[in-house]
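Enquirer: I would like the atomic coordinates for the input below:
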Amino acid sequence: MATVDYAHITLNEAGKPIIVGTRTKVAMIAIEHRAGLDPAAIQHRFPYLSLGQVYSSLAYYHDHKPEMDRLIDEGEQLEAELRATHEETPGHKRLRERGLIR
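Expert: The predicted structure follows:
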């Protein structure tokens, strides 16, 4: 497995940056940051992460911002396309109506 020079960050088998000791992708932290959450609020949403892990993720994100933003945008576009082409299950509909998922 390759390494990167960020405390708490490594690359997974697919070459994507993740937080060491977890399967949490740096992109997940970046998405919360792009939505306007500050580091403490992000850490609250991911209580198994330390604030240091969140800040390290944000440092990686900002140092690789163009590439990370492109990958996040592509993922969101793919998600929107899949949602448009697949019928929603009754369970998903109930969760969405309750505001538990998007």
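
Enquirer: which stretches of the protein form strands?
Expert: Using DSSP state E, the strands of the chain run over 9-11, 17-19.

Enquirer: got those as CSV, with distance to residue 54, mean neighbour count and mean pLDDT columns?
Expert: Glycine gets a C-beta too; all of them are placed from N, C-alpha and C. Output for the strands of the chain, formatted as CSV (distance: least, C-beta to C-beta, whole Å; neighbours: other C-beta atoms under 10 Å; pLDDT from 0 to 100):
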stretch, distance to residue 54, mean neighbour count, mean pLDDT
strand 9-11, 11, 16, 94
strand 17-19, 9, 22, 96
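
Enquirer: quick one: closest of those strands to residue 56.
Expert: Distance to residue 56, taken as C-beta to C-beta, is lowest for strand 9-11 among these, at 5.6 Å.

Enquirer: quick one: residues contacting residue 31.
Expert: Shown in contact with residue 31 (C-beta atoms under 8 Å, 6 or more residues apart in numbering): residue 72.

Enquirer: neighbours of residue 74, how many?
Expert: Residues within reach of residue 74, counting by other C-beta atoms under 10 Å, total 10.

Enquirer: and the gap between it and residue 27?
Expert: 11 Å (C-beta to C-beta, to the nearest Å).

Enquirer: would you map the helices across this protein?
Expert: For the chain, the helices defined by DSSP state H occupy 26-34, 39-45, 51-63, 65-85, 90-97.

Enquirer: could these go into JSON lines alongside distance to residue 20?
Expert: Shown next, in JSON lines, are these (distance: least, C-beta to C-beta, whole Å):
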{"stretch": "helix 26-34", "distance to residue 20": "11"}
{"stretch": "helix 39-45", "distance to residue 20": "16"}
{"stretch": "helix 51-63", "distance to residue 20": "8"}
{"stretch": "helix 65-85", "distance to residue 20": "18"}
{"stretch": "helix 90-97", "distance to residue 20": "31"}
